[in-house]
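Peer 1: need the 3D shape of this:
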Amino acid sequence: SAHVSCAGDGVPPSRTFPAIHPVGKRLRKRKVHRGEDAANSTRDVCATRQLANHARRLLDLFGRDHIYVELQRHLVRGEERTNRKLSDLAEHHRLPLLATNGVQHATPLGREVLDVFTCIREHTHLDAAGTRLTSNAERHLKSAAEMKALFRDRPEALANTVRLAERLQFSLENLGYDFPDYPVPDGHSMDTFLRTITLFGAQQRYAAISRTVKAKLNEELALIEKLGFSGYFLIVWDIVNFCRENNIMVQGRGSAANSAVCFCLGITPVDPVSNNLVFERFLSEGRKGWPDIDLDLPSGDRRESVIQEIYRRYGKHGAAMTANVITYRGRSAAREIGKALNFAPNILDRFSHLFANGDFPHTLDLQSQIEQSGLPKEHPRMPAFVRLYQGIYGLPRHLGQHSGGMIICQDKLSSFVPLENASMPGRVVAQWDKEDCEDLGIVKVDLLGLGMMAVMQDTFELCRERGRPLDLAHIPKDDAATYEMMQKADTIGVFQIESRAQMATLPRMKPKCFYDVVIEVAIIRPGPIQGDMVHPYLARRAGREPVTYFDERLKPILGRTLGVPLFQEQLLKIAMIMADFSGTEAEELRRALSFHRSVERMEKVSVKLRAGMEKNGVAPEVILKIIQSISSFALYGFPESHAISFAILAYGSAYLKVHRAAEFYASLLNNQPMGFYAPATIVKDARRHGIRMRPVCVMESDWNCVVESDEVVRLGFCVVNGLRREHAEEIVRQRSLEPFRSTENFKQRVGLTKEELRTLAELGALNCFTEHRRTALWEVEETLHDDLLGSARASRAPAGASPDGWLADAQG
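Peer 2: Model prediction:
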């Protein structure tokens, strides 16, 4: 509907849009040039000539059958004069009138929140906003009765609005989106090609393809073909191949590791047959939506090269990163409301202290929190603060970029999804988040950057450069020294098991085999902790408590975890064994209990579960225990397939720390920040393991830390806090042209800031020019002082030691 209205009433001007239905969309595609939105040329105009020109422009673009003149009544001054002009325009061009409302908020009470957002947008406060604020609450979503009363003199406009609403055919249920077809060789369909490469991969993965493996693959492939997902698997396989061809580590994670097809395609490293994993956890016939395959990649440039390859293949309009909707949370909501209410800066600071230990939900008693913080509870605007805080809490603040979600399309994504250029060069972002895309049937591939994969790949490359090649696939899984290190909780820098909680558990867990690492990765999680699974498992492992089962039929399912359910796959198997659920029904049970989206849905599957167990002769008290266990665990349980994927990296990083320590520590420092520990802690840990960490030196160091021998690492400029990379690279460049001769010569040739010079001196990086760090620091200060005064000083630091000198040297 074409809408022309005057700016005013403190609300941003409205714009003009064509009627939204398939005809209108086709007209827009045909008549509007590339890059031009039909609405871009429209403005809210009051002058009659401009209105006439505007109407002619729209008529040329969309034709008379698709243009309406819209009247709105918000009870503000000058509005009726505008409506008369619009009515004259409609009569002159024989265009129908519409009666609508310029909705800005859902209910009249939303006006307050709208005014706050106006203040945020205009960088002002309510006392100074003036006419930029709305003058009344008429811009709420009105009922039919309210609209009828408001336009009682314009019944034809109301009738036209109803007729137009009936004509509109736009729906989000089917956007016309198609996933890209994969280009297969001649003589193949996507189904036959997927089957061919899967069976070829099975020959590489298995020494001999057993009947069990063959049946598993046939079952999975049949379902994939039936659901029309072959192209999706082929495209993910192709991305993995690109990574391998370009020496980029890649590993599938999550529920995809439950799939034998993914294993044979090389997407995941976990054999679901030998690990007895449940395929339905990943894909089932009754599950709505596409499967979800997450790929872990080394963070940084390698991952970006994969993202850019996808943009290259599908074009900037055929691929996009998904968005994250950043909402107003505790601290941001409190500060913005405080600013809008014109609170003093010291009061705003107190608001920030309310959230020093994290966010808290808007349902909390905010008034008591305010009083505890020492804010003046008698402040006349404090009730308004509480009310407005609760009004904006959780509302969208801005769009961010998802860490790895990427969507691709057969045609132009811009035909289905709003796109925008990202702040990062070379990226396009969809304005919908991953949940939006999933709900609308738009397929997402997750390309997740993992810092530890970057560390491990860098370590492998350093090993290869030093003539000791190694890769993840050839790390032995039974190395006694690696397990001994884990048992001692000596795991600083080791993936997934370096936290304080993990370190406290490892000496009690005493991992002795790879599956113990799988359990260690999974056990310190919200599910096992909140379900009170951790202590029973550790007690049974230590022999302090007997291993028991609710029912002996659970022994094959819970035997590896000593009768304690730790994994989501165990939940599915319990339902399948004890209640005769199919794999699809078991996954439906997990999803119903996990998401709590529908009480009716939860009740339905719970009743079916209980009935199935009763039919199989399960005792009533055992039924109750099983249902309680499943219900408490479903929400937070960890997928076993995911735990195995992570355990491969956890064990691999531990092995590298034991057997390739110099390369591992150098790579770990080169990829900071990551993990739980600062570089200084990592350096101390390396020294404790016999690695000599040579200090940063302007005559020796590069940007990255480098391995000088099996037990010696030279620290790089990357560990110097506050030193810009371009400045570090300039140091290396200047040094390659001619060695630095002195502190003064170094300072003159490399344009460092005062803070960077001081930091290098304090770290001992300038000790190559003097005997002591304190002397280097003195020389730096002296040259800076000379620059300030424009004259040289003869006073130089004495060579003898001093208490300050002892302290500076000791700190190094």
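
Peer 1: only C-alpha atoms from now on, for both contacts and neighbour counts.
Peer 2: OK.

Peer 1: who are the contact partners of the residue nearest to Leu126 when sequence neighbours are not counted?
Peer 2: Nearest residue to Leu126, sequence neighbours excluded (CA to CA, 6 or more residues apart in numbering): Ala340, at 5.6 Å. Listed by CA atoms under 8 Å, 6 or more residues apart in numbering, the contact partners of Ala340 are Val116, Cys119, Ile120, Thr124, His125, Leu126.

Peer 1: and what of Arg139?
Peer 2: Counting by CA under 8 Å, 6+ apart, Arg139 makes contact with His74, Asn101, Gly102, Val103, Gln104, His105, Pro108.

Peer 1: weed out the non-buried ones from these.
Peer 2: For those, a burial check counting by 16 or more other CA atoms under 10 Å picks out His74, Asn101, Gly102, Gln104, His105.

Peer 1: was I right about the first one contacting His140?
Peer 2: No - at 9.6 Å, His74 does not count as touching His140 under the criterion of CA atoms under 8 Å.

Peer 1: redo the contacts of Arg139 as a markdown table? Include distance to Ile442, secondary structure and pLDDT.
Peer 2: Below are the contacts of Arg139 laid out as a markdown table (distance: CA to CA, whole Å; DSSP: H, G, I helix; E, B strand; the rest coil; pLDDT from 0 to 100):
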| residue | distance to Ile442 | secondary structure | pLDDT |
| --- | --- | --- | --- |
| His74 | 39 | coil | 92 |
| Asn101 | 32 | coil | 93 |
| Gly102 | 31 | coil | 91 |
| Val103 | 29 | coil | 92 |
| Gln104 | 29 | coil | 92 |
| His105 | 29 | strand | 91 |
| Pro108 | 36 | helix | 92 |
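
Peer 1: which parts of the longest strand belonging to the chain are buried?
Peer 2: As assigned by DSSP state E, the longest strand anywhere in the chain is strand 396-408. For strand 396-408, the neighbour count (16+ other CA under 10 Å) marks Arg397, Leu399, Gly400, Gln401, His402, Gly404, Gly405, Met406, Ile407, Ile408 as buried.

Peer 1: which helices and strands sit right next to the helix or strand hosting Arg350?
Peer 2: If you go by DSSP states H and E, Arg350 is part of helix 345-354. Judged by 3 or more CA pairs under 8 Å, 6 or more residues apart in numbering; DSSP states H and E, helix 345-354 is in contact with helix 330-340, helix 366-372.

Peer 1: these: lowest mean pLDDT?
Peer 2: Note on these: helix 366-372 shows the lowest mean pLDDT, a mean of 67.

Peer 1: returning to what we had before: shared neighbours, His74 and His140?
Peer 2: Asn101, Gly102.

Peer 1: what sits against the residue nearest to Ile408 when sequence neighbours are not counted?
Peer 2: Nearest residue to Ile408, sequence neighbours excluded (CA to CA, 6+ apart): Ala319, at 4.3 Å. Going by CA under 8 Å, 6+ apart, Ala319 touches Ile310, Tyr311, Met406, Ile407, Ile408, Cys409, Leu413, Val428.

Peer 1: apart from its chain neighbours, what residue comes closest to the first one?
Peer 2: To tie it back to what came earlier, the one meant is Ile310. Nearest in space to Ile310, with sequence neighbours left out and distances taken as CA to CA, 6+ apart, is Ala319 at 7.1 Å.

Peer 1: mind listing the helices for the stretch 251-400 of the chain?
Peer 2: Listed in chain order, the helices of the stretch 251-400 of the chain (DSSP state H, counting those that start in this stretch) span residues 260-264, 301-314, 330-340, 345-354, 366-372, 382-392.

Peer 1: element containing Ile682, please.
Peer 2: Here Ile682 is assigned to helix 679-688, by DSSP H and E.

Peer 1: just checking, what packs against that helix?
Peer 2: helix 661-670, strand 692-694.

Peer 1: how confident was the prediction at the nearest residue to Tyr393 once chain neighbours are set aside?
Peer 2: Distances taken as CA to CA, 6+ apart place Tyr328 nearest to Tyr393, at 5.3 Å, with adjacent residues excluded. What the model reports as pLDDT for Tyr328 is 88.

Peer 1: Pro798 too?
Peer 2: With respect to pLDDT, Pro798 has a value of 44.

Peer 1: any idea which helix or strand of this protein has the worst average confidence?
Peer 2: Scoring the helices and strands of the chain by mean pLDDT, DSSP states H and E places helix 22-31 at the bottom, with a mean of 37.

Peer 1: show the subsequent helix or strand relative to that helix.
Peer 2: As assigned by DSSP H and E, the chain's next helix or strand after helix 22-31 is helix 48-62.

Peer 1: pLDDT of that following helix, averaged?
Peer 2: 84.

Peer 1: enumerate the positions of that helix that are buried.
Peer 2: For helix 48-62, the neighbour count (16+ other CA under 10 Å) marks Leu51, His54, Ala55, Leu58, Leu59, Leu61, Phe62 as buried.

Peer 1: that helix - contacts with which helices or strands?
Peer 2: helix 22-31, helix 79-93.

Peer 1: can you get me the centre-to-centre distance for the last one and its chain?
Peer 2: Spelled out, it's helix 79-93. On the basis of CA atoms, centre = their mean, to the nearest Å, helix 79-93 is displaced by 50 Å from the centre of the chain it belongs to.

Peer 1: after it, next one along is what?
Peer 2: strand 97-100.

Peer 1: helices or strands next to that next one in the packing?
Peer 2: With 3+ CA pairs under 8 Å, 6+ apart as the test, strand 97-100 has strand 69-72, helix 155-167 packed against it.

Peer 1: tell me which of those is the most buried.
Peer 2: strand 69-72 (a mean of 23; mean count of other CA atoms under 10 Å).

Peer 1: who does that one pair up with?
Peer 2: Applying DSSP bridges, strand 69-72 is found paired with strand 97-100 (parallel).

Peer 1: could I get the average pLDDT for the strand it pairs with?
Peer 2: 94.

Peer 1: now swap in stretch 494-502 and tell me
Peer 2: pLDDT averaged over stretch 494-502 gives 92.

Peer 1: return the alpha-carbon coordinates of that stretch using CSV.
Peer 2: Taking C-alpha atoms only, stretch 494-502 is exported to CSV below (Å, rounded to 0.1, in the frame of the first residue of the first chain):
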residue,chain,number,x,y,z
VAL,A,494,45.0,-28.6,27.3
PHE,A,495,41.7,-28.4,25.4
GLN,A,496,38.5,-28.8,27.5
ILE,A,497,40.2,-30.1,30.7
GLU,A,498,42.2,-27.1,31.9
SER,A,499,39.6,-25.3,34.0
ARG,A,500,39.8,-25.4,37.8
ALA,A,501,36.8,-27.6,38.0
GLN,A,502,38.3,-30.1,35.5
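
Peer 1: tell me the buried residues in the very next helix or strand once past the longest strand of the chain?
Peer 2: As assigned by DSSP H and E, the chain's next helix or strand after strand 396-408 is strand 419-421. Across strand 419-421, burial judged by 16+ other CA under 10 Å covers Leu419.

Peer 1: what sits up against strand 419-421?
Peer 2: Strand 419-421 is contacted by residues Ala320, Leu413, Arg427, Val428, Val429, Ala430, Gln431 when judged by CA under 8 Å, 6+ apart.

Peer 1: so how far is the longest strand of the chain off the chain centroid?
Peer 2: Distance, stretch centre to chain centre, for strand 396-408: 7 Å (CA atoms, centre = their mean).

Peer 1: angle of it against helix 330-340?
Peer 2: 140 degrees (axes from the mean of the first three to the mean of the last three CA atoms, to 10 degrees).

Peer 1: give me the contacts around strand 396-408.
Peer 2: Contacts for strand 396-408 (CA under 8 Å, 6+ apart): 179-180, 314, 318-328, 422, 429, 431, 433-434, 442-449.

Peer 1: any idea how many residues pack against the residue lying closest to Asp580 once chain neighbours are set aside?
Peer 2: Closest residue to Asp580 apart from its sequence neighbours, by CA to CA, 6+ apart: Gly612 at 6.3 Å. For Gly612, the number of neighbouring residues by other CA atoms under 10 Å comes to 19.
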